[in-house]
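S.K.: One predicted model, sequence on top.
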Amino acid sequence: MTATPANLPDIDAFTRPYWDAAAEGRLLLRRCAACERAHHYPREFCPHCWSEDVRWEPASGRATLYTWSVVHRNDLPPFGERVPYVAAVVDLAEGPRMMTEVVDVPEGDLRIGMELEVAFRQEGTEGREGPDRQITVPVFGPPR
Ligand SMILES: [Zn+2]
């Protein structure tokens, strides 16, 4: 995965469970059995203590808004057709910070610390890996 919030990720065998869960409407985290801290994005080693004893677990989907930026111009497809959008960093209830996109919140209503809840959006891959391939990416919107 890249640092661009809604950029379409590369999916490999390691991150496959994460994307499969997203397609089913579930957000997964990685939690370290050694130090018990959760992290995101998914890594094979714990970024806090470097333990390899890291497992997938379902996240609550609750988060608070840490920071955001309204993107008015992006020349990379598919973003050009989607501007403006809200690129954001949220603090998941479990602790990890996640780059994402905030949806369904008017720009003027965005507040640091506001409660958000995960939602899922299907995206095409612009023919990068075949014309019919769709992935589901987690985004965040108002709590339901
Ligand atoms: Zn750890």
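M.R.: All right, it came through fine. Residues are numbered from 1 along each chain as shown.
S.K.: in what helix or strand does A22 lie?
M.R.: Using DSSP states H and E, A22 maps to helix 16-23.
S.K.: And the spatially most distant residue from the centre of the chain, how far from P78?
M.R.: Largest separation from the mean C-alpha position in the chain: A34, at 24.5 Å (C-alpha atoms, centre = their mean). Distance from A34 to P78, counting by C-beta to C-beta, to the nearest Å: 40 Å. C-beta: built from backbone N, CA, C; applies to glycine.
S.K.: re the thing from before, excluding its backbone neighbours, what's nearest the residue farthest from the centre of the chain?
M.R.: For A34, ignoring the flanking residues on the chain, the nearest one in space by C-beta to C-beta, 6 or more residues apart in numbering is S51 at 3.7 Å.
S.K.: residues touching that neighbour, list them.
M.R.: C32, A33, A34, C35, F45 (C-beta atoms under 8 Å, 6 or more residues apart in numbering).
S.K.: Assign it to helix, strand or coil.
M.R.: Using DSSP: H, G, I helix; E, B strand; the rest coil, the structure places S51 in coil.
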